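Asker: Here is my input; please provide its structure:
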Amino acid sequence: LYVVDGVQMNTRSDANFSESNPLAFLNPDDIQSIDIIKDAATAAIYGSNAANGVVLITTKKGRPGKTRFTANFYTGTIKPIKTLDVTNGPQYYQLRAEAYGSFLNLPANNLTVKRTVLNELRVTGAATFTDAQADSAIALIPSYDWQKEAITNGNINNYELSASGGNERTTFRISASLTKQSTIVTKADFERYGLKVDVTNKATEKLSFGTSVSISSFEQKVPFAVSGSFLGSPAFSASGIIPTNPIYKDDGSYYGTPGNVPANIVGVLNQNIIQVNAFNSGFQRTNQLVGNINIDYQILKWLSARGFAGIDYRLLHGKRVSDSRTADAFNRKGLVQLETDYNTNINTFATLNFNHMFGQNHKVDGFVGYEFRKENQSNTTESGDGFPTFQFTSLSNAANPLAVGETSTGFRRNAIFANVNYAYREKYL
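Answerer: The predicted structure is shown next:
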């Protein structure tokens, strides 16, 4: 369970096209502290949601004093630590020749073996080669580094502006941020815009209140897959493609693609993943509001009341376009999928807090409270295929509407909780 300034975050993974992170809305520079707790008191307050512990995140607030303006920018480069060690073209040929020769109980340099392996690698005329011609072709076997083409350098740029200050009664902090990050394995680039406002006010000696509001919009490009073993996924296939396969033709167009000659590349991993990654597109965009308001009132010197209301609202919209020029969508003439998800998560609580001495030796402190939490979630999905050309990516252009779906769910939770501590002479609990 993640709790940001008292707001219990929705940790559902509702994004179908990219990963979902409940803290993606938050600018790291706005964080003041992070505490991780897991004890009986935590379970008493948060119930079963706290089974794996609670991460309490407190954001920065304003302090009394002159208004202070802060500007911050940083940039960085992301590089792969290492790619997998793979065979080059001649090495792959040698291993394949040895394997095939062993299967036929023939030496690897047998002409039949040479012809067979060269023919597998689509060397023109290999079936009728003489020994000399085969050896000449073997010496010219090329090597192509698919990992180098699929895994590149990324970068990150972050821009921040903030203003904070106030007096003894009112403090404030306003911050705005922009983050752009490209990844080493595209497409999964991330971009976030954020605005955060915090205000606290001491209205009287007994009454104070505060509010914190964070508004953000962030978008991630859609990768081929976020997990699993898919032929068209660069993260999975780049290291396993047979290295004799060209990536591009001499004219600069992609090699081994549907509707062309050849229509695929050699091997089980037979899709040109560079073309697939370049032509497929999509995004997952989330608009999110996380806010709260709290009121504190000092009833007596030893007794106070606190009220809190928080909201985590998200509107998620996603689109995936499988291009009709790629292997997975060629026969169906393109595929477009849409998703829209609404999630409203509200939690409120009220507590009475006490801390009282009875005589000189007895001290009792703790709290008693009531909590209400409500969450509603609604999701719609649509898909269609059969587009006139790859330039058309709107569902209204699909010849075949495939599916329309809608789901909704929600829950309500009421809780009463308490925590009482007794101390004798401030030594024994």
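Asker: which regions of the chain sit below the pLDDT cut-off?
Answerer: With pLDDT under 70 as the threshold, the chain has low-confidence stretches at 40-45, 47-48, 228, 428-429.
Asker: biggest helix in it, by residue count?
Answerer: The longest helix of the chain (DSSP state H) is helix 89-104.
Asker: by contact count, what packs against the helix or strand just after that helix?
Answerer: As assigned by DSSP states H and E, the chain's next helix or strand after helix 89-104 is helix 111-120. Applying 3 or more C-beta pairs under 8 Å, 6 or more residues apart in numbering; DSSP states H and E, one finds that helix 111-120 contacts helix 89-104, helix 131-139. Where C-beta positions appear, they are placed from N, C-alpha and C, glycine not excepted.
Asker: Now residue 392. Its backbone dihedrals?
Answerer: Phi and psi for residue 392, reported as degrees, to the nearest 10, are phi -90, psi 120.
Asker: For the closest residue to it other than its chain neighbours, give me its contacts.
Answerer: The spatial neighbour of residue 392 that comes closest, neighbours along the chain excluded (C-beta to C-beta, 6 or more residues apart in numbering), is residue 334 at 7.6 Å. Contact analysis of residue 334 by C-beta atoms under 8 Å, 6 or more residues apart in numbering lists 321-324, 385-387, 390, 392-393.
Asker: mind checking how far residue 50 is from residue 36?
Answerer: Counting by C-beta to C-beta, to the nearest Å, the gap from residue 50 to residue 36 is 11 Å.
Asker: More neighbours: which of the two?
Answerer: residue 50 (19 against 8; other C-beta atoms under 10 Å).
Asker: And the residue located most distally from the centre of the chain, its phi and psi?
Answerer: Taking C-alpha atoms, centre = their mean, the residue of the chain most remote from its mean C-alpha position is residue 359, at 56.6 Å. Per-residue torsions, residue 359: phi 70, psi -150 (degrees, to the nearest 10).
Asker: any idea how far residue 227 is from it?
Answerer: Per C-beta to C-beta, residue 359 is found 63 Å from residue 227.
Asker: nearest spatial neighbour of residue 183, skipping sequence neighbours?
Answerer: Counting by C-beta to C-beta, 6+ apart, residue 154 is the residue found nearest to residue 183 once chain neighbours are left out, at 4.8 Å.
Asker: and if you look at residue 90?
Answerer: The shortest distance from residue 90 to any non-neighbouring residue, by C-beta to C-beta, 6+ apart, is to residue 141 (5.2 Å).
Asker: what about the one you found, how many residues close to it?
Answerer: Residue 141 has 19 neighbouring residues, counting by other C-beta under 10 Å.
Asker: Report the contact partners of it.
Answerer: 89-90, 93, 121, 244.
Asker: Over to residue 303?
Answerer: 352-354, 356.
Asker: Mind giving me the PyMOL select for the residues you listed, buried ones only?
Answerer: Listed next is the PyMOL selection for buried residues among the contacts of residue 303, using 16 or more other C-beta atoms under 10 Å:
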select buried, resi 353+354
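Asker: of all the contacts of residue 303, which comes closest to residue 4?
Answerer: Top of the list for closeness to residue 4, among the contacts of residue 303 and by C-beta to C-beta, is residue 353 at 21.7 Å.
Asker: and residue 217, how far is that from residue 160?
Answerer: In this view, residue 217 and residue 160 are 16 Å apart by C-beta to C-beta.
Asker: Looking at the two now, which is surrounded by more residues?
Answerer: In this comparison of residue 217 against residue 160, neighbours counted by other C-beta under 10 Å, the higher total goes to residue 160 at 19 against 15.
Asker: which SS state does residue 351 fall under?
Answerer: strand (DSSP: H, G, I helix; E, B strand; the rest coil).
Asker: List the contacts of it.
Answerer: Contacts of residue 351 by C-beta under 8 Å, 6+ apart are 305-306, 367-370.
Asker: Then residue 327?
Answerer: Residues in contact with residue 327 (C-beta under 8 Å, 6+ apart) are 231-232, 257-258, 264, 270-271, 276.
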